[in-house]
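Undergrad: Got a predicted structure here, sequence first:
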Amino acid sequence: MRTAFGPHAGFQAGWAFYIARATAFAANMNLLVASIAWFWRPAQSGAGRIFLLGLVVVLLAAPNVAGTRHGMRSLGILTILKFLPLLALVAVGLAWLEPAVFPIATTPLPDYVSFATAALLVIYAFVGWESAVVPAGEARNPARDMPRALILAMIVVTALYVLVQAVAVAVLPDLAASERALVDVGAVLFGPTGALLLTLAVVVSVGGNLASGMLTAPRLTYALARDGSLPAWFGAVHPRTRTPARSIIFFSVLVFLLAVYGSFIWLAAMSALVRVLIYMACIGAMPRLRRRFGDAPGRFRVPGGWVTAAGAFMVSGLLLVQVRLDAVLVTAVFLLAGAVLYRVVRRGSR
């Protein structure tokens, strides 16, 4: 964005990405607390829910303030643990799949509004892939390897999502009425023990996602501050641990407030909205980037060229039509606040 449209556009892309990560983090905090409520009923609402949200934030922020190594160690463990129950659920649930479970010919298609609203939430399940390009500068051949890795990862994730969904539909006919779908599927497949294990799996999976977010998202405000686009306060590091402690603490307070006052669906939709806007902006930057770098050695050309880009832009625009007005207004306020901060800091630096 900076290369195509200038430093202000680059800052807004970074700031929007920060908002998307913060709202997704808060949404997943609500999901985590709802899963923990299976064990501890007071976590469903009121003071118990607020207490648990605060505890989750503190437990995730403290290791990252103490040092990056601690945050990476916890993230690695959670990443391994969260895949095993999902693979077990798919392996056992495949025996339930049969054509009668999916009467496609007799099932009416949903109306456009319902389909588009569901599609926006499905987008939320797939977003986050852009974080994988953060360490691209440390890769041996990022121009070749990153596009291939992203495409392969999306194929694998899509396959896993489809299998989990198919098993859930086959095992749980009344899936739409379930508030904890994976837990209910686990109860059918494995009994009460399965429900317990799947609940733990959800907690571990969402916990791993949150650990990753706490490790990477605060570095955005740190980097923007070091770039001179946010107040220098965000760019300070702890004198002993050498971590961006202020950015981590600010992020922790922000996501706690968002989680307390927002629901999972509202926050997830807002996160998806902001990410789709970022995607559209990047697609819009492609003509200028192609003119500048189109003949560079080792370049990667997207299959389909402008047809792919135009199609992606159009689909993204259709998704935005279904976003609720309050989410649009809150997003606009966040982006405006970022623009004001940027102008104040730039004027001060001059």
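TA: That came in fine, so what should we check first? None of these values were measured; they are calculated from a predicted model. Numbers count the residues shown, from 1 in each chain.

Undergrad: what comes up buried for the one helix or strand Leu341 maps to?
TA: Leu341 belongs to helix 325-349 when assigned by DSSP states H and E. Buried residues in helix 325-349, counted by 16 or more other CB atoms under 10 Å: Ala327, Val330, Thr331, Phe334, Leu335, Gly338, Leu341, Tyr342, Val345. C-betas here are computed from N, CA, C, even on glycine.

Undergrad: Please apply the same query to stretch 242-261.
TA: 243-248, 250-252, 254-256, 258-259.

Undergrad: ok, so of those residues, who is nearest Asp184?
TA: Ala259 (24.4 Å; CB to CB).

Undergrad: Now do that closest one, the pLDDT please.
TA: Looking at Ala259, its pLDDT is 90.

Undergrad: now swap in Val164 and tell me
TA: 90.

Undergrad: State the next helix or strand along the chain beyond the host helix or strand of it.
TA: Assessed by DSSP H and E, Val164 sits inside helix 142-171. As assigned by DSSP H and E, the chain's next helix or strand after helix 142-171 is helix 181-190.

Undergrad: Just give the closest residue to Leu150, not the sequence neighbours.
TA: Spatial nearest neighbour of Leu150, excluding adjacent residues (CB to CB, 6 or more residues apart in numbering): Trp129 at 5.9 Å.

Undergrad: what residues are up against Leu318?
TA: Going by CB atoms under 8 Å, 6 or more residues apart in numbering, Leu318 touches Ala116.

Undergrad: Can you say which helix or strand has it in it?
TA: Going by DSSP H and E, Leu318 is in helix 306-320.

Undergrad: likewise Arg246?
TA: Per DSSP H and E: Arg246 is located in helix 245-261.

Undergrad: Just the residues contacting that helix, thanks.
TA: 22-23, 25-27, 29-30, 33, 50, 53-54, 57-58, 60-61, 64-65, 214, 217-222, 225, 233-238, 267.

Undergrad: Please narrow those to those residing in helices.
TA: 22-23, 25-27, 29-30, 33, 50, 53-54, 57-58, 60-61, 64-65, 214, 218-222, 225, 267 (DSSP state H).

Undergrad: thinking again about what came up before, could you give the angle of the helix holding Leu341 to helix 245-261?
TA: Interaxial angle, helix 325-349 versus helix 245-261 (axes from the mean of the first three to the mean of the last three CA atoms, to 10 degrees): 160 degrees.

Undergrad: From here on, call the first residue 59.
TA: Got it, the first residue is 59 from now on, which makes the last one we talked about helix 383-407.

Undergrad: ok and helix 383-407 relative to helix 276-284, angle-wise?
TA: Going by the same axes, to 10 degrees, helix 383-407 is angled at 40 degrees with respect to helix 276-284.

Undergrad: Packing partners of helix 383-407?
TA: helix 65-94, helix 322-351 (3 or more CB pairs under 8 Å, 6 or more residues apart in numbering; DSSP states H and E).

Undergrad: export the buried residues of stretch 300-319 to JSON lines and tack on distance to Leu255?
TA: What follows is the buried residues of stretch 300-319, written out as JSON lines (distance: CB to CB, whole Å):
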{"residue": "Thr301", "distance to Leu255": "35"}
{"residue": "Pro302", "distance to Leu255": "37"}
{"residue": "Ala303", "distance to Leu255": "37"}
{"residue": "Arg304", "distance to Leu255": "39"}
{"residue": "Ser305", "distance to Leu255": "36"}
{"residue": "Ile306", "distance to Leu255": "32"}
{"residue": "Phe308", "distance to Leu255": "36"}
{"residue": "Phe309", "distance to Leu255": "32"}
{"residue": "Ser310", "distance to Leu255": "30"}
{"residue": "Leu312", "distance to Leu255": "33"}
{"residue": "Val313", "distance to Leu255": "28"}
{"residue": "Phe314", "distance to Leu255": "29"}
{"residue": "Leu316", "distance to Leu255": "30"}
{"residue": "Ala317", "distance to Leu255": "26"}
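
Undergrad: Quickly name whichever of these is closest to Ala368.
TA: The shortest approach to Ala368 among these belongs to Leu316, at 34.3 Å (CB to CB).

Undergrad: one step back: just the buried members of the ones in helices among the contacts of helix 303-319?
TA: Listed as buried from the ones in helices among the contacts of helix 303-319 are 80-81, 83-85, 87-88, 91, 111, 115, 118-119, 122-123, 272, 276-280, 283, 325; burial here means 16+ other CB under 10 Å.

Undergrad: For the spatially closest residue to Arg350 that is not a sequence neighbour, give its distance to Arg349.
TA: Nearest-residue entry for Arg350: Thr61, 7.4 Å, with adjacent residues in sequence omitted and distances by CB to CB, 6+ apart. To Arg349, Thr61 is 11 Å away according to CB to CB, to the nearest Å.

Undergrad: The residue nearest to Arg350: which element?
TA: Following DSSP H and E, one finds Thr61 within helix 60-63.

Undergrad: what packs against that helix?
TA: helix 65-94, helix 322-351.

Undergrad: Can you give me the buried ones in the last one?
TA: What that stands for is helix 322-351. For helix 322-351, the neighbour count (16+ other CB under 10 Å) marks 322, 324-341, 343-344, 348 as buried.

Undergrad: Let me know the angle separating it from helix 364-378.
TA: Here helix 322-351 points in a direction 160 degrees away from that of helix 364-378 (the same axes, to 10 degrees).

Undergrad: same check, this time on the first one
TA: With the same axes, to 10 degrees as the basis, helix 65-94 and helix 364-378 are set at 60 degrees to each other.
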